[in-house]
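Engineer: sharing a sequence plus its predicted fold:
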Amino acid sequence: MIRLKSAQALAVCIASNCTLTHLDLGYNGVGSEAGIMLGSALLDNRCLETLDLTNNELDAPAIITICQGKCCIFTA
């Protein structure tokens with residue numbers, strides 16, 4: 001399960017990674033705060049093509065942040 005502290009570390013890695021193209025975080029219990037952190041990190045990542053967040057505990061604010069970050073990947 002990805003908790004807040006792990007999500008913070010993962011967000012730093014996602015924001016700065018230039019080679020990761022696919023990331024599967026499905027079934028990891030990612031919650032709202034973690035989802036918002038990951039979404040914010042996507043704003044700085046231009047390489048990630050696929051992010052699987054299947055069956056997590058994301059709420060609307062987290063999903064919106066993730067979508068905003070993901071849209072930036074495709075418009076860069």
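Structural biologist: Sure thing, it's come through.

Engineer: list the buried residues in stretch 1-12.
Structural biologist: Neighbour-count burial for stretch 1-12 flags 2, 7, 10-11 (criterion: 16 or more other CB atoms under 10 Å). Quick note: C-beta positions are derived from backbone N, CA and C, even for glycine.

Engineer: the longest helix along the chain packs against which elements?
Structural biologist: Counting residues, the longest helix found in the chain (DSSP state H) is helix 60-75. Packing partners of helix 60-75 (3 or more CB pairs under 8 Å, 6 or more residues apart in numbering; DSSP states H and E): helix 32-42.

Engineer: and the angle for the helix it packs on with helix 60-75?
Structural biologist: Angle, helix 32-42 to helix 60-75, by axes from the mean of the first three to the mean of the last three CA atoms, to 10 degrees: 10 degrees.

Engineer: show residues contacting helix 32-42.
Structural biologist: 2-4, 6-8, 10-12, 14-15, 25, 30, 48, 51, 53, 56-59, 61-70, 72-73 (CB atoms under 8 Å, 6 or more residues apart in numbering).

Engineer: and the following helix or strand past that helix, which residues are buried?
Structural biologist: Next in sequence after helix 32-42, counting helices and strands by DSSP states H and E, comes strand 50-52. Buried residues in strand 50-52, counted by 16+ other CB under 10 Å: residue 51.

Engineer: who does strand 50-52 pair up with?
Structural biologist: strand 22-24 (parallel) (DSSP bridges).
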